[in-house]
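Trainee: what follows is a predicted protein model with its sequence.
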Amino acid sequence: MTPPQSPPPPLAPASLTPLTYLYAPGDRPQVVAKALASGADAVIIDLEDAVSADRKDYALTATAELLATPQSLPVHVRVNSPRSRQTHEAIEALTELPGLTALRVPKVAHATDIRRIARLAPGVPLYPLLETALAIEHAYTIATADPSVHGISLGEADLRADLGIRDGAGLDWPRTRIVVAARAAGLPPPPQSVFPDIRDLDALYASCAHGRALGFLGRAAIHPRQLPVIERAFRPTRGEIDAAEEIVKAAATDGGALALPDGRFVDAAIVAAAQRTLSIARREGPP
């Protein structure tokens, strides 16, 4: 008989969780510099899809030069697939640098992929990207593979191709799956995958609102113009803040479950959700 599992630990305050991540190609230092000044909560320097095969060595050299000094905001580096030569070289070149905050590891399919990276980069926070059906099936074991895993997220473009999905609604089940896996592992809510159309900001906002309803928090962007839309979509509205303040205030005067004046029943889980809403509302910038 399987022993009962302990509940996941409390989440870190949402005020410490980035809402916006901006990708920048590692072989274009000038674009990386603009990303660092864009107002994003965190920057992801990409050594994978955004860099052609003949420029990967240069991208790593340029990234190492930048991260040799501390940066003013969190900088993650997306390496290549876990077993690739380029990833081993990137780990060797980057993991001791003061400007590196975390590694994002694409094409993770098994917990063993992350354990291998964790051994090569001890003490570096890792963020696996789940991009195949197999990875989705292993979402919880990947999320709990090693203490160095600080979060998980989807790579939706590759997942669409793997599953043959044409409509974005077809991704809602895997999206929900990783939200549940992250929570079960005691990790922060995942950020959404990138929205590829940098011109249609209305569609981006609608997509973010849908992702927020599914349990995501924040989103990766591929252009600075997407950042304020993402920020606005994931921040609580004035009505949500007022409702959360009412719940927290009522809970402070009552030790157990209670009913609000409008008849709504409030328990500990609802109070915790209200506190998280207020934590997001109090965000003043990058962590």
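Mentor: Structure received.
Trainee: please name the nearest non-neighbouring residue to R55.
Mentor: D27 (4.3 Å; Cβ to Cβ, 6 or more residues apart in numbering). The way it works is simple: take the backbone N, C-alpha and C, and place the C-beta from them, glycine included.
Trainee: residues contacting L126?
Mentor: Going by Cβ atoms under 8 Å, 6 or more residues apart in numbering, L126 touches A102, L103, R104, V105, I114, I117, A118, D146, S148, V149, H150.
Trainee: quick check, pLDDT for the closest residue to it other than its chain neighbours.
Mentor: Once flanking residues are discounted, L126 sits nearest to S148: 4.8 Å by Cβ to Cβ, 6+ apart. S148 carries a pLDDT value of 97.
Trainee: ditto for Q226
Mentor: 98.
Trainee: sec struct for it, please.
Mentor: helix (DSSP: H, G, I helix; E, B strand; the rest coil).
Trainee: number of nearby residues for it?
Mentor: The local packing of Q226 (other Cβ atoms under 10 Å) involves 23 other residues.
Trainee: check contacts around it.
Mentor: Each residue near Q226 by Cβ under 8 Å, 6+ apart is listed here: F195, I198, L201, L204, R219.
Trainee: between those, which has the most around it?
Mentor: Neighbour counts for the contacts of Q226 peak at R219, which has 28 neighbours (criterion: other Cβ under 10 Å).
Trainee: show the model's pLDDT score for the closest residue to that one other than its chain neighbours.
Mentor: Excluding the flanking residues, the one nearest R219 by Cβ to Cβ, 6+ apart is Q192, at 4.0 Å. Predicted confidence (pLDDT) for Q192: 97.
Trainee: my read: Q192 touches A209, true?
Mentor: No - the pair Q192 and A209 fails to qualify as a contact (Cβ atoms under 8 Å) at a distance of 10.7 Å.
Trainee: where's stretch 69-82 relative to the chain centroid, distance-wise?
Mentor: Counting by Cα atoms, centre = their mean, to the nearest Å, stretch 69-82 is centred 13 Å from the centre of its parent chain.
Trainee: so how far is the first residue of it from its last?
Mentor: This stretch, stretch 69-82, spans 26 Å end to end (Cα to Cα, to the nearest Å).
Trainee: try stretch 31-40
Mentor: Separation of the first and last residues of stretch 31-40 by Cα to Cα is 13 Å.
Trainee: A50 reaches V31, doesn't it?
Mentor: No - with contact defined as Cβ under 8 Å, A50 does not count as touching V31 (9.4 Å).
Trainee: which residues are in contact with both of those two?
Mentor: Counting by Cβ under 8 Å, 6+ apart, the residues touching both A50 and V31 are A24, P25.
Trainee: how about P25, what does it touch?
Mentor: Shown in contact with P25 (Cβ under 8 Å, 6+ apart): V31, V32, I45, D46, A50, V51, A59.
Trainee: again, only this time at 6 Å
Mentor: Listed by Cβ atoms under 6 Å, 6 or more residues apart in numbering, the contact set of P25 reads D46, A50, V51.
Trainee: about what we covered before: comparing A50 and V31, which residue is more hemmed in?
Mentor: Neighbours were counted for A50 and for V31 using other Cβ under 10 Å; A50 has more, 19 against 16.
Trainee: which of Q192 and A209 has more neighbours?
Mentor: Shown here are Q192 and A209; by other Cβ under 10 Å, Q192 has more neighbours (26 against 12).
Trainee: centre-most residue in this structure?
Mentor: Geometric centre of the chain, nearest residue: P191, 3.6 Å, by Cα atoms, centre = their mean.
Trainee: now for this protein, the helix or strand with the poorest mean pLDDT.
Mentor: strand 258-259 (a mean of 66; mean pLDDT, DSSP states H and E).
Trainee: now the strands for the stretch 1-150 of the chain?
Mentor: 20-25, 42-46, 75-78, 102-105, 126-130 (DSSP state E, counting those that start in this stretch).
Trainee: please convert the ones you listed to JSON lines, extending it with distance to P236 and mean pLDDT.
Mentor: Shown next, in JSON lines, are those (distance: least, Cβ to Cβ, whole Å; pLDDT from 0 to 100):
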{"stretch": "strand 20-25", "distance to P236": "16", "mean pLDDT": "98"}
{"stretch": "strand 42-46", "distance to P236": "21", "mean pLDDT": "98"}
{"stretch": "strand 75-78", "distance to P236": "26", "mean pLDDT": "98"}
{"stretch": "strand 102-105", "distance to P236": "26", "mean pLDDT": "98"}
{"stretch": "strand 126-130", "distance to P236": "25", "mean pLDDT": "98"}
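Trainee: brilliant, that's me finished.
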